[in-house]
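Q: Coordinates for the following, if possible.
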Amino acid sequence: MTTEQHHSLTLRPITGRAELDLFNRLPYTLNHELADDLDSGRRRPEWMWVALRGDRLVARAAWWTSSGGDTPSLLDILDVDDDDSPPEASGRVDTAEQLLRTAMARVLSPGTPPPNHIRFVPRDWRAEPATERPVQERLAALERTGARVLVERVRFEWRPGTPVPPPSGRLLFRRIRDAEELLGLMVRVLDGTLDAHSLAGLTRLTARQEAERMFEDELARYTSPRDWWRIATLPDGTPVGFATPARNEYNPVIGYLAVLPEHRGNGYIDDILAEGTRLLAGLGVPRIRAATDVGNVPMVNAFLRAGYADSERAIHTTWE
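A: You can find the predicted model right below:
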């Protein structure tokens, strides 16, 4: 087992599932998923690192991948004990940085950018020092390793019992013909997109390459049938937009949702979101999750109009 000493810290991966209780001594909303993630291969003990001061857990970091993945695709856990402020160090940011640098050197392939980091935080995390400080300390540690904040996103949740509007009749909906049809529409909606991930991708990729990246990184990994995906058209068959209601490895979701540039400003997003919601609600799902960038005000408002609750925020950090 790899173990490193940094001042009074011991930095190492967990030995296996038997140390999951140790890893979970620091609270986070994902803790309840970790056992199943280990069993399913979405996590590995060697990707789950701890910083110990004696026998006390003071920090932890962990990476995730989709089922069947061979390499980490996301850093989604980075925590420091709020009470940890050792006299011989400058504090919690140093601890997090030491752990992160040590673990990254062992877990990640050299020469490639680390996978993005995502952190779920309360929707009002800036309102109180007790919630803002841990977020800012975590970001400071990430920035010391070369990362930067890419975007803050609003996370939404729809629950059964929330009214779903009937079809307005303005649009018709059909299944996609094939992946190529959807990719063609994805290329078109990138024109004028407000999505920060897409905008970052377009700085180094063509629109076609960015659409293919999005398809492979997200849509192709859904565990649900592609028959759920819908193309929205005018009555004459002209495509207006699309939605990809789906199920990821944890929840039913409204995946990619978009209106073609020439049809924006007509309120069609409400019809398309309602169709995706109706499809999933009709399956009796216990919840529907969705997310969009804080700055994508039209999409944020569409979810709120559709009865989705603004549940929390997700801060996305990148090394690219």
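Q: what's the next secondary structure element after the lowest-mean-pLDDT helix or strand in the chain?
A: Ranking every helix and strand in the chain by mean pLDDT, DSSP states H and E puts strand 4-6 at the bottom, with a mean of 64. Sequence-wise, the next helix or strand downstream of strand 4-6 (DSSP states H and E) is strand 9-13.
Q: May I have that following strand exported as CSV, CA atoms only?
A: Extracted C-alpha coordinates of strand 9-13, given in CSV (Å, rounded to 0.1, in the frame of the first residue of the first chain):
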residue,chain,number,x,y,z
LEU,A,9,0.0,13.6,8.2
THR,A,10,-0.3,10.1,6.8
LEU,A,11,-1.5,10.2,3.2
ARG,A,12,-2.7,6.9,1.7
PRO,A,13,-5.5,5.1,-0.2
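Q: Now do that strand: which elements does it pack against?
A: Here strand 9-13 touches strand 4-6, strand 48-53, helix 92-107, going by 3 or more CB pairs under 8 Å, 6 or more residues apart in numbering; DSSP states H and E. In this view, the C-beta of every residue, glycine as well, is placed from N, C-alpha and C.
Q: how about that strand: buried residues?
A: Residues 9, 11-13 are the ones in strand 9-13 that count as buried (16 or more other CB atoms under 10 Å).
Q: Okay, buried residues for the helix or strand that it is followed by please.
A: Going down the chain from strand 9-13, the next helix or strand is helix 20-23, by DSSP H and E. Under the neighbour-count criterion of 16+ other CB under 10 Å, helix 20-23 has 20, 23 buried.
Q: quick one: helix 20-23 to chain centroid distance?
A: 23 Å (CA atoms, centre = their mean, to the nearest Å).
Q: got the contact list for it?
A: 14, 34-35, 38, 48, 50, 57, 60, 62 (CB atoms under 8 Å, 6 or more residues apart in numbering).
Q: Can I get that helix in CSV, CA atoms only?
A: Extracted C-alpha coordinates of helix 20-23, given in CSV (Å, rounded to 0.1, in the frame of the first residue of the first chain):
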residue,chain,number,x,y,z
LEU,A,20,-15.3,2.6,4.1
ASP,A,21,-16.5,3.6,7.6
LEU,A,22,-13.2,5.4,8.1
PHE,A,23,-13.6,7.2,4.7
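Q: which strands and helices sit next to the helix or strand following it?
A: Counting by DSSP H and E, the next helix or strand C-terminal to helix 20-23 is helix 34-40. Contacts defined by 3+ CB pairs under 8 Å, 6+ apart place helix 34-40 against helix 20-23.
Q: What mean pLDDT does the helix it packs on get?
A: The predicted model assigns helix 20-23 a mean pLDDT of 97.
Q: Check whether the residue nearest the centre of the chain sits in a helix, strand or coil.
A: With distances taken as CA atoms, centre = their mean, Ile118 lies nearest the centre of the chain, 5.9 Å away. Look at Ile118: counting by DSSP: H, G, I helix; E, B strand; the rest coil, its state is strand.
Q: for this structure, what spans make up the strands?
A: Applying DSSP state E to the chain gives strands spanning 4-6, 9-13, 48-53, 56-64, 74-80, 117-121, 148-158, 172-175, 230-233, 239-247, 252-259, 288-293, 309-318.
Q: Would you mind pulling up the elements that the longest one packs against?
A: In other words, strand 148-158. helix 196-202, strand 288-293, helix 297-305, strand 309-318.
Q: please redo it, this time with the cut-off set to 10 Å
A: With contacts taken as 3 or more CB pairs under 10 Å, 6 or more residues apart in numbering; DSSP states H and E, strand 148-158 sits against strand 117-121, helix 129-144, helix 196-202, strand 252-259, helix 268-281, strand 288-293, helix 297-305, strand 309-318.
Q: All set now, cheers.
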